[in-house]
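Enquirer: mind folding the following:
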Amino acid sequence: MSQDLAEKFEQALFTAYLRAKNEAKYNASIFYNMLNTRGGLSTAKFLINSSTVSDGYTELHRRKRLDLTVEAIVVEDKRWHELFEPEELLKAKKRLSQYEYTWKEV
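Expert: Got it, this is the predicted structure:
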């Protein structure tokens, strides 16, 4: 895994945080704090591997913005796939499917 790729991924998560705040009017302060304390990759792995969805995921679902979730960011952009285990990608896809989100890989 390249450090540069992990840094770009972390930046993508910070961008998603800002987009959620500006576009969905949702201030994901817990997510922001996690990014600052754990880092992007660790935060994403924690959320994906959690047995339940986060409050942030639930709130983004309510606002019809699952595209801004960690799961969608990871699944939709193939650049990030090498940062995750195959099981983690499956978990992310399963969670998105359970919430009827259709993704497009780029």
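
Enquirer: now do the phi/psi pair for the residue most central in space within the chain.
Expert: Ranked by distance to the mean C-alpha position of the chain (CA atoms, centre = their mean), the top residue is V70 at 0.5 Å. For V70, the backbone dihedrals (degrees, to the nearest 10) come out as phi -50, psi -40.

Enquirer: and what of K64?
Expert: phi 60, psi 40.

Enquirer: and the strand or helix carrying A72, what's its mean pLDDT?
Expert: For A72, the host element (DSSP states H and E) is helix 70-76. Helix 70-76 shows an average pLDDT of 97 in the prediction.

Enquirer: go on, stretch 8-28?
Expert: Here the average pLDDT along stretch 8-28 is 97.

Enquirer: cool, stretch 40-54 as well?
Expert: Averaged across stretch 40-54, the pLDDT comes to 97.

Enquirer: then stretch 89-106?
Expert: Averaging pLDDT along stretch 89-106 gives 92.

Enquirer: ends of that stretch, what's the gap?
Expert: For stretch 89-106, the first and last residues are 15 Å from each other (CA to CA, to the nearest Å).
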